[in-house]
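Participant: kindly return the folded structure for what I paste below:
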Amino acid sequence: MSDPILREARDVIPLQDDALLRRAMKRSEREGGRAALRVLPKALGLLKTIGLLMEVGLGKLKGAPFRELPKSADRRDALSRKQAGDAILLWRALRPRVGDAQALALTQEIMTAAGVVFLHELLGDLDKSVIQARDEESLHTLSSRTGRFFNAEGSLRLFKSEPPVVQFAVSACRFVPLLESVDAAPLKPLFCAVDSAYFSPRHSPIRLQRDRTIAGGDAMCDFRFGWSGDDPSPR
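Facilitator: Numbering: from 1, shown residues only. Alright, predicted model coming up:
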(Lines give C-alpha, C1' and ligand atoms only; values in the text may rest on other atoms or scores of the structure.)
Protein backbone atom coordinates (compact mmCIF):
# COMPACT_ATOMS: atom_id res chain seq x y z
CA MET A 1 0.00 0.00 0.00
CA SER A 2 1.29 3.46 -0.94
CA ASP A 3 2.06 5.61 2.10
CA PRO A 4 2.15 9.33 1.19
CA ILE A 5 2.77 10.33 4.79
CA LEU A 6 6.35 9.11 4.66
CA ARG A 7 7.00 11.46 1.74
CA GLU A 8 5.46 14.39 3.61
CA ALA A 9 7.11 13.84 7.01
CA ARG A 10 7.93 16.85 9.13
CA ASP A 11 11.37 17.66 10.46
CA VAL A 12 12.77 15.43 13.20
CA ILE A 13 11.03 16.07 16.52
CA PRO A 14 13.43 17.95 18.83
CA LEU A 15 14.70 16.32 22.01
CA GLN A 16 12.70 17.17 25.15
CA ASP A 17 15.33 16.87 27.88
CA ASP A 18 13.35 17.99 30.91
CA ALA A 19 12.30 17.12 34.45
CA LEU A 20 9.72 14.58 33.29
CA LEU A 21 12.34 12.66 31.33
CA ARG A 22 14.81 12.72 34.22
CA ARG A 23 12.14 11.49 36.64
CA ALA A 24 11.20 8.68 34.26
CA MET A 25 14.84 7.59 33.98
CA LYS A 26 15.36 7.60 37.74
CA ARG A 27 12.23 5.58 38.43
CA SER A 28 13.11 3.17 35.64
CA GLU A 29 16.61 2.67 37.09
CA ARG A 30 15.17 1.96 40.53
CA GLU A 31 12.75 -0.57 39.10
CA GLY A 32 15.57 -2.22 37.18
CA GLY A 33 17.49 -2.63 40.44
CA ARG A 34 14.47 -4.11 42.18
CA ALA A 35 13.86 -6.46 39.27
CA ALA A 36 17.47 -7.64 39.36
CA LEU A 37 17.12 -8.47 43.06
CA ARG A 38 13.93 -10.41 42.32
CA VAL A 39 15.13 -12.28 39.25
CA LEU A 40 18.83 -13.00 39.67
CA PRO A 41 18.84 -14.86 43.03
CA LYS A 42 16.36 -17.35 41.56
CA ALA A 43 18.76 -18.11 38.72
CA LEU A 44 22.13 -17.73 40.45
CA GLY A 45 21.59 -17.90 44.18
CA LEU A 46 22.16 -15.03 46.56
CA LEU A 47 25.95 -15.12 46.84
CA LYS A 48 26.52 -15.36 43.09
CA THR A 49 24.03 -12.55 42.57
CA ILE A 50 26.00 -10.34 44.94
CA GLY A 51 29.21 -11.16 43.10
CA LEU A 52 27.64 -10.41 39.73
CA LEU A 53 26.20 -7.08 40.87
CA MET A 54 29.56 -6.11 42.32
CA GLU A 55 31.18 -6.90 38.98
CA VAL A 56 28.61 -4.79 37.14
CA GLY A 57 29.06 -1.91 39.58
CA LEU A 58 32.84 -2.02 39.36
CA GLY A 59 32.73 -2.07 35.59
CA LYS A 60 30.46 0.96 35.61
CA LEU A 61 32.84 2.84 37.91
CA LYS A 62 35.65 2.14 35.44
CA GLY A 63 33.62 3.62 32.58
CA ALA A 64 32.43 0.39 31.00
CA PRO A 65 30.98 -0.45 28.60
CA PHE A 66 31.75 2.72 26.65
CA ARG A 67 35.20 3.75 27.83
CA GLU A 68 36.83 2.74 24.53
CA LEU A 69 34.45 4.92 22.54
CA PRO A 70 34.87 8.62 21.79
CA LYS A 71 32.96 11.00 24.04
CA SER A 72 29.23 11.27 23.45
CA ALA A 73 28.53 13.23 20.30
CA ASP A 74 25.46 14.97 21.76
CA ARG A 75 22.84 14.76 24.47
CA ARG A 76 20.89 12.03 22.68
CA ASP A 77 24.00 9.89 22.59
CA ALA A 78 24.75 10.55 26.27
CA LEU A 79 21.23 9.60 27.37
CA SER A 80 21.24 6.49 25.18
CA ARG A 81 24.52 5.36 26.76
CA LYS A 82 23.11 6.00 30.23
CA GLN A 83 20.01 3.91 29.61
CA ALA A 84 21.73 1.06 27.76
CA GLY A 85 24.90 0.77 29.84
CA ASP A 86 23.59 -1.27 32.77
CA ALA A 87 21.85 -3.75 30.48
CA ILE A 88 25.05 -4.32 28.51
CA LEU A 89 27.13 -4.85 31.65
CA LEU A 90 24.52 -7.19 33.13
CA TRP A 91 24.36 -9.27 29.95
CA ARG A 92 28.15 -9.48 29.74
CA ALA A 93 28.41 -10.61 33.36
CA LEU A 94 25.67 -13.21 32.95
CA ARG A 95 27.01 -14.91 29.83
CA PRO A 96 29.92 -16.82 31.42
CA ARG A 97 27.72 -17.76 34.38
CA VAL A 98 24.57 -19.05 32.68
CA GLY A 99 25.27 -19.20 28.94
CA ASP A 100 24.12 -17.01 26.08
CA ALA A 101 20.46 -18.03 25.93
CA GLN A 102 19.70 -17.63 29.62
CA ALA A 103 21.78 -14.46 29.81
CA LEU A 104 19.56 -12.89 27.15
CA ALA A 105 16.38 -14.13 28.85
CA LEU A 106 17.36 -12.79 32.27
CA THR A 107 18.53 -9.48 30.83
CA GLN A 108 15.28 -9.13 28.93
CA GLU A 109 13.16 -9.79 32.01
CA ILE A 110 14.98 -7.08 33.97
CA MET A 111 15.04 -4.65 31.05
CA THR A 112 11.32 -5.11 30.50
CA ALA A 113 10.48 -4.36 34.12
CA ALA A 114 12.54 -1.16 33.98
CA GLY A 115 11.37 -0.16 30.51
CA VAL A 116 7.68 -0.53 31.28
CA VAL A 117 8.08 1.92 34.17
CA PHE A 118 9.96 4.33 31.90
CA LEU A 119 7.24 4.28 29.24
CA HIS A 120 4.46 4.54 31.80
CA GLU A 121 6.04 7.66 33.27
CA LEU A 122 6.14 9.27 29.82
CA LEU A 123 2.85 8.06 28.34
CA GLY A 124 0.67 6.69 31.13
CA ASP A 125 -1.54 9.77 31.47
CA LEU A 126 -2.43 10.10 27.78
CA ASP A 127 -6.09 9.57 27.01
CA LYS A 128 -8.04 8.50 23.96
CA SER A 129 -8.58 12.04 22.69
CA VAL A 130 -4.82 12.57 22.41
CA ILE A 131 -4.02 9.20 20.83
CA GLN A 132 -6.83 9.73 18.33
CA ALA A 133 -5.21 13.07 17.51
CA ARG A 134 -7.78 15.08 15.55
CA ASP A 135 -6.27 18.53 16.02
CA GLU A 136 -2.98 20.38 16.24
CA GLU A 137 -3.10 20.57 20.04
CA SER A 138 -3.20 16.77 20.32
CA LEU A 139 -0.40 16.42 17.80
CA HIS A 140 1.65 18.95 19.77
CA THR A 141 1.14 16.91 22.96
CA LEU A 142 2.25 13.74 21.19
CA SER A 143 5.22 15.53 19.68
CA SER A 144 6.38 16.61 23.15
CA ARG A 145 6.04 13.07 24.50
CA THR A 146 7.82 11.37 21.61
CA GLY A 147 10.53 14.03 21.85
CA ARG A 148 11.51 12.47 25.18
CA PHE A 149 12.44 9.21 23.44
CA PHE A 150 16.02 10.38 23.14
CA ASN A 151 17.23 7.33 21.22
CA ALA A 152 14.65 7.77 18.45
CA GLU A 153 14.90 10.47 15.80
CA GLY A 154 11.74 10.72 13.78
CA SER A 155 8.64 12.59 12.73
CA LEU A 156 4.98 12.43 13.65
CA ARG A 157 2.01 12.24 11.30
CA LEU A 158 -1.70 11.64 11.46
CA PHE A 159 -3.47 9.27 9.11
CA LYS A 160 -6.84 10.65 8.09
CA SER A 161 -8.58 7.37 8.80
CA GLU A 162 -11.50 6.64 11.08
CA PRO A 163 -10.63 6.35 13.86
CA PRO A 164 -7.42 8.36 13.40
CA VAL A 165 -4.06 6.59 13.57
CA VAL A 166 -0.86 8.34 14.64
CA GLN A 167 2.44 7.36 13.04
CA PHE A 168 5.85 7.97 14.62
CA ALA A 169 8.28 7.32 11.77
CA VAL A 170 11.73 6.78 13.29
CA SER A 171 14.57 7.28 10.83
CA ALA A 172 17.42 6.68 13.31
CA CYS A 173 17.68 4.72 16.55
CA ARG A 174 20.74 5.55 18.63
CA PHE A 175 20.65 2.18 20.40
CA VAL A 176 21.42 0.20 17.23
CA PRO A 177 24.88 1.62 16.35
CA LEU A 178 25.68 2.04 20.04
CA LEU A 179 25.12 -1.65 20.81
CA GLU A 180 26.98 -2.70 17.68
CA SER A 181 29.95 -0.53 18.66
CA VAL A 182 30.44 -2.45 21.93
CA ASP A 183 29.74 -5.97 20.57
CA ALA A 184 26.29 -6.10 22.17
CA ALA A 185 24.21 -6.50 19.01
CA PRO A 186 22.19 -9.43 20.49
CA LEU A 187 20.55 -6.88 22.81
CA LYS A 188 18.98 -4.89 19.95
CA PRO A 189 15.69 -6.82 19.84
CA LEU A 190 15.39 -6.61 23.63
CA PHE A 191 14.88 -2.86 23.42
CA CYS A 192 12.14 -3.40 20.84
CA ALA A 193 10.57 -6.03 23.09
CA VAL A 194 10.18 -3.45 25.87
CA ASP A 195 7.88 -1.43 23.59
CA SER A 196 5.81 -4.50 22.77
CA ALA A 197 5.49 -5.34 26.47
CA TYR A 198 4.30 -1.87 27.45
CA PHE A 199 1.81 -1.43 24.60
CA SER A 200 -0.16 -4.50 25.65
CA PRO A 201 -3.49 -4.75 27.50
CA ARG A 202 -1.66 -5.53 30.74
CA HIS A 203 0.05 -2.14 30.88
CA SER A 204 -1.60 0.34 28.53
CA PRO A 205 -4.79 1.01 26.54
CA ILE A 206 -2.62 2.36 23.73
CA ARG A 207 -2.20 -0.13 20.90
CA LEU A 208 0.96 -0.38 18.81
CA GLN A 209 1.51 -1.78 15.34
CA ARG A 210 5.13 -1.85 14.21
CA ASP A 211 5.98 -3.98 11.20
CA ARG A 212 9.42 -2.51 10.54
CA THR A 213 12.34 -1.84 12.90
CA ILE A 214 15.85 -0.53 12.40
CA ALA A 215 17.09 -3.17 14.84
CA GLY A 216 15.62 -5.81 12.54
CA GLY A 217 17.44 -4.44 9.50
CA ASP A 218 14.77 -2.10 8.10
CA ALA A 219 15.42 1.49 7.10
CA MET A 220 12.98 2.82 9.70
CA CYS A 221 10.87 1.94 12.71
CA ASP A 222 7.24 2.41 11.76
CA PHE A 223 5.28 3.01 14.98
CA ARG A 224 1.52 3.30 14.50
CA PHE A 225 -0.56 4.06 17.55
CA GLY A 226 -4.25 3.59 18.18
CA TRP A 227 -6.54 3.16 21.16
CA SER A 228 -7.63 -0.16 22.66
CA GLY A 229 -10.26 -1.71 20.40
CA ASP A 230 -9.13 0.29 17.36
CA ASP A 231 -7.08 -1.09 14.50
CA PRO A 232 -3.81 0.94 14.29
CA SER A 233 -3.63 0.36 10.52
CA PRO A 234 -4.70 3.25 8.30
CA ARG A 235 -7.51 2.43 5.94
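
Participant: how about the helices in the protein?
Facilitator: 4-7, 19-44, 46-61, 75-98, 100-123, 128-131, 136-146, 175-181, 188-198 (DSSP state H).

Participant: among the ones you listed, which is nearest Ile214?
Facilitator: helix 175-181 (5.3 Å; C-beta to C-beta). Backbone N, C-alpha and C define where each C-beta goes, glycine included.

Participant: what is that closest one packed up against?
Facilitator: helix 75-98, helix 188-198 (3 or more C-beta pairs under 8 Å, 6 or more residues apart in numbering; DSSP states H and E).

Participant: how about those in TSV, adding mean neighbour count?
Facilitator: Formatted as TSV, the helices and strands packed on helix 175-181 follow (neighbours: other C-beta atoms under 10 Å):
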stretch	mean neighbour count
helix 75-98	19
helix 188-198	18
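
Participant: so for Glu68, which of those sits nearest?
Facilitator: Among the helices and strands packed on helix 175-181, helix 75-98 sits nearest to Glu68 (C-beta to C-beta), with 12.4 Å.

Participant: now that closest one against helix 19-44, angle please.
Facilitator: Using axes from the mean of the first three to the mean of the last three C-alpha atoms, to 10 degrees, the direction of helix 75-98 lies 10 degrees away from that of helix 19-44.

Participant: tell me the gap between helix 75-98 and the middle of its chain.
Facilitator: The chain centre lies 13 Å from the centre of helix 75-98; the measure is C-alpha atoms, centre = their mean, to the nearest Å.

Participant: ok, now stretch 94-111?
Facilitator: 18 Å.

Participant: so what touches it?
Facilitator: 32, 35-36, 39-40, 43-44, 48, 52, 87, 90-91, 186-187, 190-191, 193-194 (C-beta atoms under 8 Å, 6 or more residues apart in numbering).

Participant: and Asp135, how far from Val39?
Facilitator: 44 Å (C-beta to C-beta, to the nearest Å).

Participant: between those two, who's got more neighbours?
Facilitator: Counted by other C-beta atoms under 10 Å, Asp135 and Val39 do not tie: Val39 has more neighbours, with 17 against 10.

Participant: gap between that one and Gly85?
Facilitator: 19 Å.

Participant: would you turn the helices of the chain into CSV with distance to Glu68?
Facilitator: Conversion of these to CSV gives the following (distance: least, C-beta to C-beta, whole Å):
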stretch, distance to Glu68
helix 4-7, 37
helix 19-44, 24
helix 46-61, 13
helix 75-98, 12
helix 100-123, 21
helix 128-131, 42
helix 136-146, 32
helix 175-181, 9
helix 188-198, 19
